[in-house]
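Asks: Give the three-dimensional model of this entry:
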Amino acid sequence: MRPTRHLTGPTGPTDTPVTSPSSRSLLLLLAVGVFAIGTDGYVIAGLLTDMAHDLHVTEGAAGRLVTVFALAYAIGAPLLGAATGGLRRRTVLVGSLGLFAATNLAAALVDSYAAMLAVRVAAALAAALFTPAAAAAAPALVPAERRGRALATVGAGMAAATAAGVPLGTLIGGAFGWRATFLAVAALGAAAAAGTALLLPADTAATASGAGAGAGAGGGAGGGPGSRLAVLRVPGVPSALGVSVLWIAGAFTVLTYIGPVLAEVGGVRGTALSLWLLVFGLAAVAGNALGGRFADRHPTPWLTVVCTAGLTVALAALGLLGALGAHGATGAAWAAVALAVWGVFGWAFAPAQQHRLVGLAPEAPGLILALNASATYAGISLGGLLGSLGLAHAGAAGAGLTATAIELLAVAAAAAVALRSARAAVAPTEQRPYCKPASRTCP
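Replies: Predicted coordinates:
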């Protein structure tokens, strides 16, 4: 008989689910789905030349497929999260993964740039629906004290995509053509969808957006999208989402152009670039796991301050290496150190921030995480734009120092949120309408 999982409560993390083998398998399947989405979102950077040739466009136009994906995700995440708030979690997770697999299959078959643009928008919308729903499902599968680690497990899929998915997808594309990469991603998404359909009970009552608990923090299941987006009026939510935008914008100011930056700083190219990115990816996996554990043991907004500060140091190091003209083995070695620090602190931020946001709006975990995903992808688009300007005007130094300036703003914003939270903690609970002291979700 299958172990029972208490997933029927609207608040998810405040219930007392049992961590069973099937629950752990579900977490891993959700991570696989996120891994496929992360690989799909980033791997085009390694396939640009071949895709541009086959689609008869410039590399710049092919690169806009990444921007279109990010923008569609940013716009779609909150709207789809609100629109599907009344659906069962199983329906949302399996349906969105199935659509994601279908769009990647279509990407492997299209022969025009216009068709590819349309397919990438559809893939982004499927990803925008699945990823926040997966992050919202994770805490409901484990006891409350393991919420951060559950979020980190699902988030590890994105870190693993950075560490292994993108290099592997690029390798497959180089050996068998870029269409084979999309076929592989489609197969992975379909496998994750099938596994989730088998393991997640069909009668799971908790919704994907977690909005079924009333209008207080995001609207009831019966409310419209506008009422569900009332979660934006929860104290602390808008400012926390602003931190997410700045955090990822600073990172992607450099990460979008990491190849040219490392080539200039330490002559890191070709196979060496794959090794340096592997260092970054492994550090990201470690940072993601550490962020989840620390979020469970020390659930404080100051954790995001520490993470953004560490990321700032790493980005500043890369900028200074470019400004000082560090080249050769010395520059390459210091760049590897900077990437490792970046991976640990930068990726520790994600589960810590998700943990914090779920605590701010426990009655709408899926919706608040959808908004966070939207903020993240908006930041990715912004970072790519600012990075191109910095790189064009001052090379690696321009990109690195621009990223540092943005990340300093993230540190300041995170510190302001933490200070505001500390002041709110001493206010009478009756003055905080979304606070539930008994469930330890007070901001």
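Asks: how about L303, what does it touch?
Replies: G291, F294, A295, A348, A352, R356 (C-beta atoms under 8 Å, 6 or more residues apart in numbering). C-beta: built from backbone N, CA, C; applies to glycine.
Asks: now swap in T300 and tell me
Replies: T300 neighbours (C-beta under 8 Å, 6+ apart): A418.
Asks: 10 Å instead?
Replies: Neighbouring residues of T300 by C-beta atoms under 10 Å, 6 or more residues apart in numbering: F294, V306, A352, H355, R356, A418, S421, A422.
Asks: Kindly report the same for L382.
Replies: By C-beta under 10 Å, 6+ apart, the residues touching L382 are A70, A74, V245, L246, I248, A249, G250, F252, T253, I406.
Asks: For those residues, give me CSV that also has pLDDT.
Replies: CSV is the format used below for the contacts of L382 (pLDDT from 0 to 100):
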residue, pLDDT
A70, 86
A74, 87
V245, 96
L246, 97
I248, 95
A249, 94
G250, 96
F252, 88
T253, 89
I406, 98
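Asks: Keep only those of these that are in helices.
Replies: With DSSP state H as the criterion, helices contain A70, A74, V245, L246, I248, A249, G250, F252, T253, I406 from among the contacts of L382.
Asks: Break this structure into its domains for me.
Replies: Per the TED database, the structural domains of the chain span 23-203, 233-424.
Asks: Quick one: distance of the longest one to the chain centre.
Replies: When distances are taken as C-alpha atoms, centre = their mean, to the nearest Å, domain 233-424 is centred 12 Å away from the chain's centroid.
Asks: Any chance of a PyMOL selection covering the buried ones in the ones in helices among the contacts of L382?
Replies: Only the buried entries of those go into this PyMOL selection, using 16 or more other C-beta atoms under 10 Å:
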select buried, resi 70+74+245+246+248+249+250+252+253+406
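Asks: Go through the ones in helices among the contacts of L382 and name the one nearest M158.
Replies: Of all the ones in helices among the contacts of L382, M158 sits closest to I248, with 11.5 Å by C-beta to C-beta.
Asks: what's the burial count for A106?
Replies: Residues near A106, counting by other C-beta atoms under 10 Å, number 18.
Asks: Past the helix or strand where it lies, which element shows up next along the chain?
Replies: Taking DSSP states H and E as the criterion, A106 maps to helix 89-107. Per DSSP H and E, the first helix or strand lying C-terminal to helix 89-107 is helix 113-140.
Asks: can you pull the buried residues of that following helix?
Replies: 113, 116-117, 119-140.
Asks: so how far is the helix or strand following that helix from its chain's centroid?
Replies: Next in sequence after helix 113-140, counting helices and strands by DSSP H and E, comes helix 147-160. Taking the mean of its C-alpha atoms, helix 147-160 sits 10 Å from the chain's own mean (C-alpha atoms, centre = their mean).
Asks: again with stretch 176-190
Replies: On C-alpha atoms, centre = their mean, the centre of stretch 176-190 falls 21 Å from that of its chain.
Asks: Could you give me the buried positions within that stretch?
Replies: For stretch 176-190, the buried set under the neighbour-count rule, 16+ other C-beta under 10 Å, comprises G177, W178, R179, T181, F182, L183, A184, V185, A186, L188, G189, A190.
Asks: Strands of the stretch 301-443 of the chain, start to end?
Replies: Using DSSP state E, counting those that start in this stretch, no strands are found in the stretch 301-443 of the chain.
Asks: Make a ChimeraX selection of the buried ones in the contacts of T300.
Replies: Selection of the buried residues among the contacts of T300 in ChimeraX, burial being defined by 16+ other C-beta under 10 Å:
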select :294,306,352,355,356,418,421
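Asks: Just to be sure, which of the contacts of T300 are found in helices?
Replies: If you go by DSSP H, the contacts of T300 have F294, V306, A352, H355, R356, A418, S421, A422 in helices.
Asks: give me the low-pLDDT residue ranges for this structure?
Replies: Applying pLDDT under 70 to the chain flags the ranges 1-21, 45, 59-60, 202-229, 425-443.
Asks: Would you confirm that L105 contacts L188?
Replies: No: L105 is beyond contact range of L188, at 11.6 Å (criterion: C-beta atoms under 10 Å).
Asks: tell me which element the residue nearest to L125 when sequence neighbours are not counted falls in.
Replies: With sequence-adjacent residues excluded and distances taken as C-beta to C-beta, 6 or more residues apart in numbering, L125 is closest to G76, at 4.5 Å. Element membership for G76 (DSSP H and E) is helix 59-83.
Asks: Show me what that helix is packed up against.
Replies: On a contact count with 3 or more C-beta pairs under 10 Å, 6 or more residues apart in numbering; DSSP states H and E, helix 59-83 meets helix 21-42, helix 44-55, helix 89-107, helix 113-140, helix 225-228, helix 237-255, helix 365-425.
Asks: now that helix and helix 237-255, what's the angle there?
Replies: Computed by axes from the mean of the first three to the mean of the last three C-alpha atoms, to 10 degrees, the angle separating helix 59-83 from helix 237-255 equals 160 degrees.
Asks: Return the distance of helix 59-83 from the chain's centre.
Replies: With C-alpha atoms, centre = their mean as the basis, helix 59-83 stands 13 Å off its chain's centre.
Asks: quick one: buried residues of it?
Replies: Neighbour-count burial for helix 59-83 [16+ other C-beta under 10 Å]: 62-66, 68-82.
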